[in-house]
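Chemist: Here's my sequence, what's the structure:
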Amino acid sequence: MTIFSIVLHSLSVVVLVPAIVIFSVYKQLQVHRISLHKNFCVAMVLYDISVILVDSVFILDHVNEEKNIRVNQNPNLCKVLYTLSRYFRLCQYAWMFCEGFYLHKLIASAFAEQKSLLIFYIVGWGCPAIFVSISAILRAVRAGHPEDSSCWMDNVEG
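Modeler: Alright, predicted model coming up:
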């Protein structure tokens with residue numbers, strides 16, 4: 001199942017990168033709506049890459065090795081990759097919300113033009129950072145307890 005996950009996330013990256021390039025290169029696509037799409041695609045690519053790294057470095061090691069050598073040798077790397085994957089996953093949901101809210105604003109006030117996307121960038125990238133930081137701090141505080149594994153992933157025991 002992990003190899004299947006790696007293949008599908010790799011396929012997602014292969015499809016999304018050209019979309020991001022197209023959104024960035026063509027001047028006709030330099031509008032607010034497409035900028036939101038582009039950030040959503042970037043969040044998806046970063047999530048896919050983080051999942052590929054977690055799966056290939058730690059999950060496959062857990063499946064293939066009985067002693068979880070990589071997890072035990074690099075618990076901090078495991079925690080960082082896990083935290084980044086959770087952050088980018090939450091960014092995807094935040095950017096979906098931003099796109100929906102932007103479309104709502106277009107419909108609700110059809111003739112009012114959106115001046116700046118700053119609030120969308122704050123919601124799309126900043127709010128997930130706050131939630132993931134709180135979660136990481138709480139996990140780090142709990143790390144002193146014996147029932148907590150060296151890696152924060154549920155399916156990888158350290």
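
Chemist: need the helix or strand of the chain with the lowest average pLDDT.
Modeler: Counting by mean pLDDT, DSSP states H and E, the chain has its least confident helix or strand at helix 60-64, which shows a mean of 56.

Chemist: check contacts around Leu29.
Modeler: Applying Cβ atoms under 8 Å, 6 or more residues apart in numbering to Leu29 gives the contacts 22-23. The C-beta positions use only the backbone N, C-alpha and C, and glycine is treated the same way.

Chemist: For the helix or strand hosting Ser24, name the packing helices and strands.
Modeler: For Ser24, the enclosing helix or strand under DSSP states H and E is helix 2-25. Where contact means 3 or more Cβ pairs under 8 Å, 6 or more residues apart in numbering; DSSP states H and E, helix 2-25 is packed against helix 32-54, helix 60-64.

Chemist: Extract the C-alpha trace of the first one and format it as PDB.
Modeler: When you say that, I think you mean helix 32-54. Output in PDB follows, covering the C-alpha atoms of helix 32-54 (Å, rounded to 0.1, in the frame of the first residue of the first chain):
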ATOM      1  CA  HIS A  32      -6.500  36.900  -8.300                       C
ATOM      2  CA  ARG A  33      -8.600  33.700  -9.000                       C
ATOM      3  CA  ILE A  34      -5.700  32.000 -10.700                       C
ATOM      4  CA  SER A  35      -3.300  33.100  -8.000                       C
ATOM      5  CA  LEU A  36      -5.500  31.300  -5.500                       C
ATOM      6  CA  HIS A  37      -5.500  28.200  -7.700                       C
ATOM      7  CA  LYS A  38      -1.700  28.400  -8.000                       C
ATOM      8  CA  ASN A  39      -1.200  28.500  -4.200                       C
ATOM      9  CA  PHE A  40      -3.600  25.600  -3.800                       C
ATOM     10  CA  CYS A  41      -1.600  23.600  -6.400                       C
ATOM     11  CA  VAL A  42       1.700  24.500  -4.600                       C
ATOM     12  CA  ALA A  43       0.200  23.300  -1.300                       C
ATOM     13  CA  MET A  44      -0.800  20.000  -3.000                       C
ATOM     14  CA  VAL A  45       2.700  19.600  -4.500                       C
ATOM     15  CA  LEU A  46       4.400  20.300  -1.200                       C
ATOM     16  CA  TYR A  47       2.100  17.900   0.600                       C
ATOM     17  CA  ASP A  48       2.800  15.200  -2.000                       C
ATOM     18  CA  ILE A  49       6.500  15.600  -1.700                       C
ATOM     19  CA  SER A  50       6.400  15.500   2.100                       C
ATOM     20  CA  VAL A  51       4.300  12.300   1.900                       C
ATOM     21  CA  ILE A  52       6.700  10.700  -0.600                       C
ATOM     22  CA  LEU A  53       9.600  11.500   1.700                       C
ATOM     23  CA  VAL A  54       7.800  10.200   4.800                       C
END
